[in-house]
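Novice: have a look at this prediction, sequence included:
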Amino acid sequence: MRYSSSGIIEQIRGRIDIVQLMREYGVSLRRSGRNWIGRCPFHPDDTPSFSVSAEKGLYHCFGCGASGNIVTFVSQRENIPYSEALQRLAQRAGIPWERAASGDPAGEEERILRANRFAAEQFHAWLFDRREGRAALEYLRARGLSEETIRTLKLGYAPDRWDALLETMSRAGFSLDLLVGAGLVRRNENGRCYDVFRNRILFPIEDLQGRVVAFGGRLLGEGDQPKYLNTPETLVYRKSETLYLLHRSRRAIYEEKAVLVCEGYMDAIALWQAGFQNVVASLGTALSASHARLLKRFAHEVLFLFDGDEAGRRAILRGAPHFLAEEFRVLVVLLPEGSDPDEFLRSQGVEALRERVRSARPLIEFLIEEFARTAPGSGLDGKMAVLGEMAELLRHVSSPVRLREYAEQLAVALDLEPEDVRAELQKLGVRLRRSRQRAAPRPSAVSSNLESIEAQLLQALLIAPEYIPEVFGEISPSDFRDPVHQEIARLLWAVEREWGSLDPEALLERCEGTPLHAPLARLWMEAEELPEIHLRIRGCVVRLLQRSLQETEQEALRLLQSGEEVDEETLARELAERVRLRRAAHQRLLEINVQTPSKEG
């Protein structure tokens, strides 16, 4: 039995590194650009043809065509059913199997998601209700948030009553047990139920698929309740694996290969509104290894932008080891003492913050200063204390190249001999070793299909599925000439209409075991985020339209010249219209001024 398990697979990916898992199965992999390559474990492979994308959690062999996700790999490697592989990985990731096996649409998780979606819409409506949400809306506007931002992020308000949401959702048919399970309602020891969120501004928290999985609530005004309150962990929400705004920021993060990490909802929203759209925020908890693994799928560089106080510095120290372990380039954006990102933006402006981001300091420099500031003693004793603190962090780094670089930075900063610093770090348990020179990997062959306009368009639509309705308003799947591309185009169009929004990884799971799985996996593996992707899509559409019109013209001319019995006047009119349309398409292509890249370009 195959479970609808895309949400479970997403959690497994957040907790198990696919590259590390494959190495445990004896697959030797080395980095090649954004991906990892090695010899395929599924067929005799003389040259490395096996490619793994840690960012997307996928693999593809350009030799035998084997492809899939982390579950498919275990299933194929162990020769066990997909469901059994899913069970093993879920248990390894610490996800109860009974939870993983309840992935049917009528299951508990889907009911919680429906309840959250309803609650988010109700909170949003209350915010714009003049009687209920006036003070909350005025507060948000006073904090500098535009109505567009408020509506786009679906911010809301929970009235100052014990049962406002409970009554509303009960009347709508949601059971009391479901509301308690979703973390929207709490039941006390006497059995009395009441709303978790009261007199609070609500921030819907979305997962990577854009589904509301939880809420953060800020108390409006003063009171004896905590200032911030989050949904407790539920079947669909784990705070150590979720980041605020990641669903909305992931494309900007992927394009820039860098992510700004801050702490608070309002900080993240202020940054997002100001144009820093590669921002995320932790959810009232320390940054975790799961957070680092999650962000590694989209970025290679992380910039910590925390409050300019002791608490902000402690947050950096707690989060740094996880990001060093994932081989991020880690930078620290320094703010004045006592300032936070939101306040700095309002008082100093966007350009001042951009300059702070541009001048962000490498984590190692920042930490050396921090440890030197708090180290007991001075002179050589102080330097040894700094080395000891740094060794605690550097034990998390596995890359020998990065370790040597950090050791050299330490030597310069502490005015010590590099050899002495390396020797001391080794004594303190840091795995320093001489890095070996490797031959540059040969670029893997790219098939002609992936060079085609059709493949480029399909890849762009997998990255930016919101353009699917627009594209198929102008062309149809039959405009694709490659039979496989045609079938994938039909699938994208059907799934977009069925699901409302397309998730490439859920689509791959749906295609598991079908002839479309391997070519779809390969398209997604090779897809790259590009700036102005909408122009790339328009360029591909116009070129396909030109080709289709040209073929129609040629067929019409053939009929006119063949002597077959046709209505020549009607055919001539159609031919003239096709010529006009093709010229218009050519003019649009010139206006777009986009050239589809070829292998040479």
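Specialist: It's in.

Novice: any idea which element the residue minimising distance to the centre of the chain lies in?
Specialist: Nearest to the geometric centre of the chain sits residue 250, at 4.3 Å (CA atoms, centre = their mean). When elements are assigned from DSSP states H and E, residue 250 belongs to helix 246-256.

Novice: other residues contacting the helix or strand containing residue 392?
Specialist: Following DSSP H and E, the helix or strand that holds residue 392 is helix 379-394. In this structure, residues lying in contact with helix 379-394 by CB atoms under 8 Å, 6 or more residues apart in numbering are 320-321, 324, 364, 367-368, 371-372, 375-377, 403, 406, 410, 414, 416, 421, 424-425, 428-430. For glycine as for every other residue, the C-beta is placed from the backbone atoms N, C-alpha and C.

Novice: out of those residues, which are inside helices?
Specialist: Among the contacts of helix 379-394, DSSP state H puts 320-321, 324, 364, 367-368, 371-372, 403, 406, 410, 414, 421, 424-425 in helices.

Novice: ranges for the strands of the stretch 1-150 of the chain?
Specialist: Taking DSSP state E, counting those that start in this stretch as the test, the strands found in the stretch 1-150 of the chain are 29-32, 35-38, 50-53, 58-61, 67-69.

Novice: sheet partners, orientation included, of the first one?
Specialist: So the one you mean is strand 29-32. Sheet pairing for strand 29-32, assigned by DSSP bridges, gives strand 35-38 (antiparallel).

Novice: tabulate the CA atom coordinates of the helix holding residue 392 in PDB.
Specialist: C-alpha atoms of helix 379-394 as PDB (Å, rounded to 0.1, in the frame of the first residue of the first chain):
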ATOM      1  CA  GLY A 379      48.300  37.500  27.300                       C
ATOM      2  CA  LEU A 380      49.000  33.900  26.500                       C
ATOM      3  CA  ASP A 381      46.400  32.600  29.000                       C
ATOM      4  CA  GLY A 382      43.700  34.600  27.300                       C
ATOM      5  CA  LYS A 383      44.700  33.300  23.900                       C
ATOM      6  CA  MET A 384      44.700  29.700  25.100                       C
ATOM      7  CA  ALA A 385      41.200  30.300  26.600                       C
ATOM      8  CA  VAL A 386      40.000  31.600  23.200                       C
ATOM      9  CA  LEU A 387      41.500  28.500  21.500                       C
ATOM     10  CA  GLY A 388      39.700  26.300  23.900                       C
ATOM     11  CA  GLU A 389      36.300  27.900  23.200                       C
ATOM     12  CA  MET A 390      36.900  27.900  19.400                       C
ATOM     13  CA  ALA A 391      37.800  24.200  19.500                       C
ATOM     14  CA  GLU A 392      34.400  23.500  21.000                       C
ATOM     15  CA  LEU A 393      32.800  25.000  17.900                       C
ATOM     16  CA  LEU A 394      35.300  23.700  15.300                       C
END
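
Novice: what pLDDT, on average, does it get?
Specialist: On average, the pLDDT along helix 379-394 is 82.

Novice: that one: which residues count as buried?
Specialist: Neighbour-count burial for helix 379-394 flags 383-387, 389-391, 393-394 (criterion: 16 or more other CB atoms under 10 Å).

Novice: what do you get for stretch 314-332?
Specialist: In stretch 314-332, counting by 16+ other CB under 10 Å, buried: 315-317, 319-328, 330-332.

Novice: over to stretch 347-367?
Specialist: 353, 356, 360, 363-364, 366-367.

Novice: can I get the residues you listed in TSV including pLDDT and distance to residue 57?
Specialist: Below are these laid out as TSV (pLDDT from 0 to 100; distance: CB to CB, whole Å):
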residue	pLDDT	distance to residue 57
353	94	34
356	93	34
360	91	29
363	86	27
364	80	30
366	85	32
367	83	31
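
Novice: export these to a markdown table and tack on distance to residue 152?
Specialist: Output for these, formatted as a markdown table (distance: CB to CB, whole Å):
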| residue | distance to residue 152 |
| --- | --- |
| 353 | 21 |
| 356 | 26 |
| 360 | 27 |
| 363 | 33 |
| 364 | 38 |
| 366 | 34 |
| 367 | 37 |
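
Novice: which one of those residues sits closest to residue 149?
Specialist: residue 353 (16.9 Å; CB to CB).

Novice: tell me who's in contact with the closest one.
Specialist: Contacts for residue 353 (CB under 8 Å, 6+ apart) come out as 271, 274, 276, 341, 344-345.

Novice: these in strands, which ones?
Specialist: Residues of these located in strands (DSSP state E): none.

Novice: among the ones in helices among the contacts of helix 379-394, which one lies nearest to residue 504?
Specialist: Residue 504 lies nearest to residue 324 out of the ones in helices among the contacts of helix 379-394, by CB to CB, at 29.8 Å.

Novice: quick check: the closest one touching residue 317?
Specialist: No. At 11.5 Å, residue 324 does not count as touching residue 317 under the criterion of CB atoms under 8 Å.

Novice: buried deepest among the strands of the stretch 1-150 of the chain, which one?
Specialist: Across these, the average number of neighbours (mean count of other CB atoms under 10 Å) peaks for strand 58-61, which reaches a mean of 26.

Novice: that one pairs with which strands, parallel or anti?
Specialist: strand 50-53 (antiparallel), strand 67-69 (antiparallel).

Novice: isn't residue 180 right next to residue 193, touching?
Specialist: Yes. Contact criterion CB under 8 Å: residue 180 and residue 193 qualify, at 7.1 Å.

Novice: what do the two both touch?
Specialist: Residues within reach of residue 180 and of residue 193 at once, by CB under 8 Å, 6+ apart, are 186-187.
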